[in-house]
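Undergrad: Predicted model and sequence below, questions to follow.
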Amino acid sequence: MYLSLAAIRLLLSLPSALAVGLLLLPRLIGEDGARFKLAVAALAIMRALLGFALLYVTALAIFPADRQIDFGALWEFAASTTVGNAWFATQLIAFLFAGLTVARLFVASELLDRVTLWVGVVVVAVVSVTGHAVDDGLPRWTQASFLLHTAAGLTWLGGLLGLVWWMFTARGKSPEVAAQLAERWSLIAKVAMAIVAITGFAIAWENVGSIPNMLATSYGRLLTLKLLCLCGVLLAALALARYITRRPEGEFDMAWYGKVGAGESVFALLLLSIAGYIAVITPAAHETSLYWPLPFRLSYIATWGQGPTMSSPIWWWGIAAVVLAIIAALIWWTPRTREYRLYATPAVSAAALISLAVSFATEAYTDTYDDPTQDYTAESVTRGLAHFKENCIACHGDQGEGNGPLAKDLKNAKGLPVQPADLTAPHVGTHTIGDIFHWLTHGGQSGVMPGFADQLDVDDRWDVINFLLMISYSNRARFMNAQPMIQWLIAPDFALIDPQEEVTSLYRLRGAPTLISFARCGSPNGDPKARAESVKLAHDAAKAAGAAHVTIYDAACPQEAKGREPVHPKAVETAYSVINRYPNVLPSEEIEEAHFVVDRSGYIRARFRTFAPDDGNSQKLAGLVAEFVREPFIEISLHSH
């Protein structure tokens with residue numbers, strides 16, 4: 001079905017693009033364009049009629065398989081859906097364009113020619129709203145980028161095809177006229193391609209989401225192929241541009257220029273075909289089926305970010321890159337080697353770039369860039385903790401520190417002892433969540449840890465990963481206090497009770513700082529009266545500072561001290577207990593009392609043990625809230641670890 005939509009979009013784009021090109025080119029050299037009038041009208045009419053085929057194929061892709069597609073169904077679809085309304089608008093413009101081109105057959109008017117040309121540009125631009133641009137959830141700048149990208153790209157393509165047509169049929173035209181047309185078209189093509197490049201980057205930013213997605217998704221791989229076709233286009237364009245600047249005075253080889261232009265057109269048509277297909281498939285940023293095809297990936301955190309020793313291969317590859325870069329510079333600037341520099345300098349520079357890339361390379365798997373099926377929530381972390389206790393503590397230990405009861409007896413296939421990984425160490429952050437998923441599925445790197453695909457389903461494994469992400473920060477989190485930290489620990493999301501359903505999760509509180517308070521006022525540990533007073537002070541301090549307040553209190557805590565409450569309080573308490581660790585204090589899944597300050601972007605930045613009238617914590621909280629409000633808001637992913 002995607003192929004049918006892509007084919008129709010290609011057939012829609014080509015006639016209108018060529019019509020615009022044949023309208024534009026004669027104006028560049030003052031021709032009346034009479035010999036193209038009939039062709040332009042035929043192309044415009046073809047575009048308008050093909051629009052009905054687009055409606056049918058689009059409905060075929062959206063309607064249930066058992067629903068009959070007749071005139072009534074198509075009319076209802078066109079009149080009552082966003083996609084249908086967009087089709088209506090584009091068809092009206094297409095028929096207006098067709099009418100104007102037919103009028104040109106009977107009326108010779110420069111004004112009519114100008115109006116027809118600009119309406120044609122609008123026709124090629126609105127092709128985009130039959131693809132991803134119809135999504136009204138996209139930012140306005142992305143929607144505008146689609147229109148500009150399509151208008152510039154198809155105008156360039158139509159002009160290129162028209163130029164080839166002109167060169168092959170320019171009987172009796174002087175070389176100077178042909179050269180003038182080529183020079184003026186070259187300027188327009190450069191402007192159009194600049195617009196295509198800028199808007200294409202904006203569209204890719206929204207639809208691809210990350211550089212790895214260029215290879216890990218079908219959309220990204222097709223976009224990479226599209227860029228390769230663009231390189232072919234640019235090489236042919238460079239050859240044409242060089243000919244224009246170096247041609248002998250009074251000469252112009254129209255046959256050669258037309259042949260090279262035809263070669264450029266082949267790459268351009270391939271590019272358009274790919275563009276039409278990726279416009280109707282799932283964008284890479286929304287893709288859930290990822291496949292990384294390479295055995296390595298590039299990562300600063302996993303290589304140079306680990307502070308490698310000088311004997312490490314990372315350093316040797318880095319040094320090789322620097323040495324090769326110096327050699328490339330010497331070849332370019334040394335007089336004796338200048339005759340070889342056009343070939344040797346690029347070759348040595350490429351070797352330097354490859355060496356540099358190898359220094360940043362780390363192992364990767366087919367699952368390396370997989371997206372999680374479970375969001376980073378407190379509920380998921382709690383489920384992951386339960387799976388961890390059931391399957392992992394024998395080797396990794398209760399707290400994931402690699403000191404389980406079986407740890408001392410583990411050996412690999414060669415009989416060498418293997419120490420289980422300390423999952424609380426910072427090295428966990430050097431791996432992608434897809435790496436960890438791969439090991440949980442197929443087994444660890446050492447060959448000792450088995451795969452758990454039979455014990456844990458896909459969602460269960462992602463729950464375990466969310467728990468591992470939490471405990472990897474537990475060592476650093478134990479030193480968290482009332483002093484603000486840098487932004488590194490994302491607060492796990494959780495569902496909130498809200499009668500008005502305005503704020504239904506912690507995530508939706510972003511935009512303003514939040515205080516998350518835990519307390520067991522009925523606990524026999526400590527002074528119940530002092531704890532009740534502490535939670536009252538915490539509530540008043542949060543309210544006075546303008547912070548949102550979320551409370552996980554037991555029934556003994558004062559009712560007036562409560563703020564918004566989670567749907568699953570025990571799960572939230574269990575999850576946050578993972579990072580509620582103090583130096584020299586045994587961890588517990590029950591939080592006697594703790595107050596976490598979350599900034600407006602969603603990072604946990606500080607923690608208070610208690611609030612008392614004379615400890616100054618209320619003032620410290622107010623100062624933190626005021627400081628966080630002044631900080632810029634950062635859009636973060638719940639899996640940005």
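TA: Right, received. Where do you want to start? Residues are numbered from 1 along each chain as shown.
Undergrad: from here on, contacts and neighbour counts on C-alpha atoms
TA: Fine.
Undergrad: could you list every residue that touches the residue lying closest to Thr217 once chain neighbours are set aside?
TA: For Thr217, ignoring the flanking residues on the chain, the nearest one in space by CA to CA, 6 or more residues apart in numbering is Leu290 at 5.4 Å. The neighbours of Leu290, taking CA atoms under 8 Å, 6 or more residues apart in numbering as the test, are Asn213, Ala216, Thr217, Asp367, Tyr369, Asp370, Asp371.
Undergrad: Next: Ser299.
TA: By CA under 8 Å, 6+ apart, Ser299 lies in contact with Phe360, Ala361, Thr362.
Undergrad: Pop out the phi and psi values for the first one.
TA: Backbone torsions of Phe360, given as degrees, to the nearest 10, read phi -100, psi 0.
Undergrad: ok, now how distant is it from Thr309?
TA: 14 Å (CA to CA, to the nearest Å).
Undergrad: okay, the two: which has more neighbours?
TA: Phe360 (21 against 10; other CA atoms under 10 Å).
Undergrad: Would you agree that one is in contact with Gly305?
TA: No: counting by CA atoms under 8 Å, Phe360 does not reach Gly305; the two are 9.6 Å apart.
Undergrad: Run through the strands of the stretch 51-200 of the chain in chain order.
TA: Secondary structure of the stretch 51-200 of the chain (DSSP state E, counting those that start in this stretch): no strands located.
Undergrad: low pLDDT regions in it?
TA: Scanning the stretch 51-200 of the chain for pLDDT under 70 picks out 129-141.
Undergrad: just to revisit the earlier point, so of the contacts of Leu290, which ones are in helices?
TA: Under the assignment DSSP state H, the contacts of Leu290 contribute Asn213, Ala216 to helices.
Undergrad: could you dump the contacts of Leu290 to CSV with neighbour count?
TA: Putting these into CSV (neighbours: other CA atoms under 10 Å) gives the following:
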residue, neighbour count
Asn213, 23
Ala216, 24
Thr217, 25
Asp367, 22
Tyr369, 24
Asp370, 22
Asp371, 18
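Undergrad: how about the contacts of Leu290 in CSV, adding pLDDT?
TA: Formatted as CSV, the contacts of Leu290 follow (pLDDT from 0 to 100):
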residue, pLDDT
Asn213, 89
Ala216, 91
Thr217, 90
Asp367, 92
Tyr369, 90
Asp370, 88
Asp371, 85
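Undergrad: in the lengthiest helix in the chain, what counts as buried?
TA: Ranked by residue count, the top helix of the chain under DSSP H comes out as helix 175-207. Neighbour-count burial for helix 175-207, counted by 16 or more other CA atoms under 10 Å, picks out 175, 178-179, 181-183, 185-186, 188-189, 192-193, 195-196, 199-200, 202-204, 206-207.
Undergrad: so which strand or helix has Pro484?
TA: In the assignment (DSSP states H and E), Pro484 maps to no helix and no strand.
Undergrad: who's in contact with the nearest residue to Ile579 once chain neighbours are set aside?
TA: Sequence neighbours aside, Ser474 is the residue nearest to Ile579 in space, at 4.8 Å (criterion: CA to CA, 6+ apart). Contacts for Ser474 were tallied using CA under 8 Å, 6+ apart; they are Thr424, Val578, Ile579, Asn580, Arg581.
Undergrad: Would you write a ChimeraX line that selects the buried entries of those?
TA: Restricted to buried positions by 16+ other CA under 10 Å, the ChimeraX selection for the contacts of Ser474 reads:
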select :424,578,579,580,581
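Undergrad: tell me the two of the contacts of Ser474 that are most distant?
TA: Thr424 and Asn580 (13.6 Å; CA to CA).
Undergrad: Helix or strand with the lowest mean pLDDT in the protein?
TA: Counting by mean pLDDT, DSSP states H and E, the weakest-scoring helix or strand in the chain turns out to be helix 474-477, with a mean of 78.
Undergrad: Dump the contacts of Ser474 into TSV; add pLDDT and secondary structure as well.
TA: Shown next, in TSV, are those (pLDDT from 0 to 100; DSSP: H, G, I helix; E, B strand; the rest coil):
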residue	pLDDT	secondary structure
Thr424	83	coil
Val578	91	coil
Ile579	91	coil
Asn580	92	coil
Arg581	83	coil
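Undergrad: residues in contact with the residue nearest the centre of the chain?
TA: Nearest to the mean C-alpha position of the chain, by CA atoms, centre = their mean, lies Gly209 at 0.5 Å. Residues near Gly209 by CA under 8 Å, 6+ apart: Ala284, Ala285.
Undergrad: where does it land in three-state SS?
TA: Secondary structure for Gly209, judged by DSSP: H, G, I helix; E, B strand; the rest coil, is coil.
Undergrad: ok, now how distant is it from Trp185?
TA: Distance of Gly209 to Trp185, given as CA to CA: 35 Å.
Undergrad: next one: Val177
TA: 12 Å.
Undergrad: all strands of the stretch 401-550 of the chain, in order?
TA: For the stretch 401-550 of the chain, the strands defined by DSSP E, counting those that start in this stretch cover 489-490, 496-497, 514-519, 548-553.
Undergrad: For the second one, name the packing helices and strands.
TA: Translated: strand 496-497. Applying 3 or more CA pairs under 8 Å, 6 or more residues apart in numbering; DSSP states H and E, one finds that strand 496-497 contacts strand 565-566.
Undergrad: Pull up the gap between Leu154 and Ser16, please.
TA: Leu154 is 8 Å from Ser16, by CA to CA.
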